[in-house]
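K.L.:
the following block contains a protein sequence and its predicted model.
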Amino acid sequence: MSSTVEQLSPTRVKITVEVPFADLKPSMDQAYAEVAKSVNIPGFRRGKVPPVVIDQRFGRGVIIQEAFNNSWQNFYGDAVTENKLSPLAQPDVEVTKLEDGDVIEFTAEVDVRPEFDLPDFSTLQAQVDALDVLDTLVDSQVDVLRNRFGSRETVERPAADGDIVTISLVASRDGEPLVDATANDVEYTIGSGQMLDGLDEAVIGLSAGESATFSSTLVSGPLKDEEADVEVTVSKVQKVELPETDDAFAQEASEFDTMEELRDNIKERLTRMARLEQASQARDAVLETLIGQVDVEVPEHLLNSEIDARRKQITEQLAQAGMTVEQYIADIAEDQTEDEFWADLESRGEQALRAQIILDKVAEERAIEVDQNDLTQHILRKAQTEGVAPQQIADHLQEHPHHIEEYVLEIRRGKALAMIVESATVTDSNGSVVPLANLHEDGSYTEPEAEPAEDDVADDDEESAEPAQNPSA
């Protein structure tokens, strides 16, 4: 087999591969064997039909085509390796010469990773938000615990601030109910401000079975942001009794003996979560800085395919949710026009491809490998994120083995980015260096090893200077 490469553009090549029929013979023999096992020809046992008979009955061209279909990927892969190419997509293959018994030639046009230089990762700098775990956040977590261990009691009195009421809502305009703006048997905590403006004032003072009407702006659904008259009816009023935040509560709600220990534990947990969020922000910031410093061209074919795939995915997801793109933009991305929405999608798609191209080169140059443990941990994290059992993802991989390669690529890129981030200088908004290299997956830090004291170093030097004792003395 021999191959040549023609550079069509900085990101696309045409590989021409010549395969002698001697190299094609194993695939030809296999093709003959497969056909022989699948046909019934009088005078011959199944699987024992000679090649010459198969050629006469079906034509030799069918066998050559089958042999080529089963083997071209191996020849193509050898040509890619031989010419040190890095394909970014599947090739467009065309047979250009066929001389039976002599040679078969085919071309493969494919997008390849362009040549570009990587910067010194230690020169990369990025800034993230400083950690700020406020006491109010700890208070909120304590309140969650208090609500979990609190009790409810249905009361026969008007609703007051802090009560939980069960309500039904009917919105109307000019006395006509709005079909898409009703809700039944909704629990609402008075004072939370989590529903409609004016609701708190309307339900305070209402007893079970009583109603009130107020004007508000609808916050969801097809009539979002429209003004309406809303009738609220209370069907139940419940008083919430919350435990005191004392040591007895700490012992009931946790493994800690005192409230101080419980609050310290909550703060440590929130701090670890904040560190992980900070690390995620750092990865995004460093990658954005890296992309900005690398001049890499994204292949047009690859970019168009990526954008088309993203458009299709969004359109299908919205259709499943019963929404159009226009409704989604009006409801979620209200600060964008439709043209701006699609332009933003195209920009993010291009940046994602740039990141992949750069990280793949880093992984290749640094010989980053993926082992079975990496794959197992990736499956466990993916299962946790998607809320499914790990075995479900493992079964999916068995049914679709090509997805394993996608997982490996994703893991490899993640390891490459982690290495880059650890090499970069990341500071927080207070100017402090963030020691991401010491961060564990649970958000804890490895404490740096203490430097030996000067006196200890001096003592060590003196000891090393003493002559060795003669063991026979």
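P.N.:
Structure's in. What do you need?

K.L.:
which elements pack onto the helix or strand hosting residue 72?
P.N.:
In the assignment (DSSP states H and E), residue 72 maps to helix 60-82. Applying 3 or more CB pairs under 8 Å, 6 or more residues apart in numbering; DSSP states H and E, we find helix 60-82 packed against strand 2-9, strand 12-20, helix 21-38, helix 51-58, strand 92-99, strand 103-111. Backbone N, C-alpha and C define where each C-beta goes, glycine included.

K.L.:
in a markdown table: these, plus mean pLDDT.
P.N.:
Output for these, formatted as a markdown table (pLDDT from 0 to 100):
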| stretch | mean pLDDT |
| --- | --- |
| strand 2-9 | 94 |
| strand 12-20 | 95 |
| helix 21-38 | 87 |
| helix 51-58 | 82 |
| strand 92-99 | 93 |
| strand 103-111 | 95 |
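
K.L.:
out of these, which is closest to residue 82?
P.N.:
strand 2-9 (6.0 Å; CB to CB).

K.L.:
quick one: work out the angle between that closest one and strand 103-111.
P.N.:
Angle, strand 2-9 to strand 103-111, by axes from the mean of the first three to the mean of the last three CA atoms, to 10 degrees: 30 degrees.

K.L.:
so what touches strand 2-9?
P.N.:
Strand 2-9 has contacts (CB atoms under 8 Å, 6 or more residues apart in numbering) with 13, 14, 15, 16, 17, 18, 78, 79, 82, 83, 85, 109.

K.L.:
name only those of these that count as buried.
P.N.:
13, 14, 15, 16, 17, 18, 79 (16 or more other CB atoms under 10 Å).

K.L.:
and these, which two are furthest apart?
P.N.:
Going by CB to CB, the pair spanning the buried ones among the contacts of strand 2-9 furthest: 13 and 18, at 16.4 Å.

K.L.:
returning to that earlier point: what is the nearest of the contacts of strand 2-9 to residue 268?
P.N.:
Closest to residue 268, out of all of the contacts of strand 2-9 and judged by CB to CB, is residue 85, at 50.7 Å.

K.L.:
excluding chain neighbours, what is closest to that closest one?
P.N.:
residue 112 (5.2 Å; CB to CB, 6 or more residues apart in numbering).

K.L.:
contacts only, for residue 396.
P.N.:
residue 403 are the contacts of residue 396 under CB under 8 Å, 6+ apart.

K.L.:
in a helix, it, correct?
P.N.:
Yes - counting by DSSP: H, G, I helix; E, B strand; the rest coil, residue 396 is found in a helix.

K.L.:
domains of the protein?
P.N.:
Following automatic domain parsing, one gets these domains for the chain: 2-111, 151-241.

K.L.:
quick one: which of these is nearest residue 366?
P.N.:
Using CB to CB, the nearest of the domains of the chain to residue 366 is domain 2-111, at 14.8 Å.

K.L.:
what segments of the stretch 301-450 of the chain are strands?
P.N.:
Along the stretch 301-450 of the chain, the segments classed as strands by DSSP state E, counting those that start in this stretch run 425-428.

K.L.:
so where do the helices sit in this protein?
P.N.:
21-38, 51-58, 60-82, 135-149, 199-203, 247-253, 259-293, 300-320, 325-331, 338-365, 372-386, 390-399, 402-423, 454-465 (DSSP state H).

K.L.:
out of these, which is the most enclosed?
P.N.:
Across the helices of the chain, averaging neighbours per residue (mean count of other CB atoms under 10 Å) puts helix 199-203 on top, at a mean of 20.

K.L.:
neighbouring contacts of stretch 116-128?
P.N.:
With CB under 8 Å, 6+ apart, stretch 116-128 has contacts from 278, 281-282, 285-286, 288-290, 293-296, 358, 361-362, 365, 419-420, 423-429, 434.

K.L.:
residues in contact with residue 175?
P.N.:
Contacts of residue 175 by CB under 8 Å, 6+ apart: none found.

K.L.:
and stretch 205-221, what's buried?
P.N.:
206, 208, 212, 214, 216, 218.

K.L.:
export those residues to JSON lines and tack on distance to residue 133?
P.N.:
Output for those, formatted as JSON lines (distance: CB to CB, whole Å):
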{"residue": "206", "distance to residue 133": "39"}
{"residue": "208", "distance to residue 133": "41"}
{"residue": "212", "distance to residue 133": "41"}
{"residue": "214", "distance to residue 133": "38"}
{"residue": "216", "distance to residue 133": "35"}
{"residue": "218", "distance to residue 133": "36"}
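
K.L.:
need the max-distance pair from those residues.
P.N.:
208 and 218 (25.6 Å).

K.L.:
shouldn't residue 285 be in contact with residue 426?
P.N.:
Yes - between residue 285 and residue 426 there is a contact under CB atoms under 8 Å: 7.3 Å.

K.L.:
so which of the helices of the chain gets nearest residue 222?
P.N.:
helix 325-331 (7.5 Å).

K.L.:
for the closest one, the averaged confidence score.
P.N.:
For helix 325-331, the mean per-residue pLDDT is 79.

K.L.:
okay, it in PDB with CA atoms only?
P.N.:
Listed next in PDB are the C-alpha coordinates belonging to helix 325-331 (Å, rounded to 0.1, in the frame of the first residue of the first chain):
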ATOM      1  CA  VAL A 325     -38.000  29.000  19.200                       C
ATOM      2  CA  GLU A 326     -39.900  32.300  19.200                       C
ATOM      3  CA  GLN A 327     -41.700  31.300  22.400                       C
ATOM      4  CA  TYR A 328     -38.500  30.200  24.100                       C
ATOM      5  CA  ILE A 329     -36.700  33.400  23.200                       C
ATOM      6  CA  ALA A 330     -39.600  35.500  24.500                       C
ATOM      7  CA  ASP A 331     -39.800  33.400  27.700                       C
END
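
K.L.:
so which elements touch that helix?
P.N.:
By 3+ CB pairs under 8 Å, 6+ apart, helix 325-331 packs against helix 300-320, helix 338-365.

K.L.:
export those to JSON lines and tack on distance to residue 232 and mean pLDDT?
P.N.:
Below are these laid out as JSON lines (distance: least, CB to CB, whole Å; pLDDT from 0 to 100):
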{"stretch": "helix 300-320", "distance to residue 232": "32", "mean pLDDT": "90"}
{"stretch": "helix 338-365", "distance to residue 232": "36", "mean pLDDT": "93"}
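
K.L.:
residue 378 is nearest to which of the ones you listed?
P.N.:
helix 338-365 (14.9 Å).

K.L.:
let me know the angle separating the closest one from helix 300-320.
P.N.:
130 degrees.

K.L.:
give me the distance between helix 338-365 and the centre of its chain.
P.N.:
Once both centres are worked out by CA atoms, centre = their mean, to the nearest Å, helix 338-365 turns out to sit 14 Å from its chain's centre.

K.L.:
which other helices and strands does it contact?
P.N.:
Partner elements for helix 338-365 (3+ CB pairs under 8 Å, 6+ apart): helix 259-293, helix 300-320, helix 325-331, helix 402-423.

K.L.:
and these as JSON lines, adding distance to residue 142?
P.N.:
Converted to JSON lines, these look like this (distance: least, CB to CB, whole Å):
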{"stretch": "helix 259-293", "distance to residue 142": "7"}
{"stretch": "helix 300-320", "distance to residue 142": "38"}
{"stretch": "helix 325-331", "distance to residue 142": "35"}
{"stretch": "helix 402-423", "distance to residue 142": "34"}
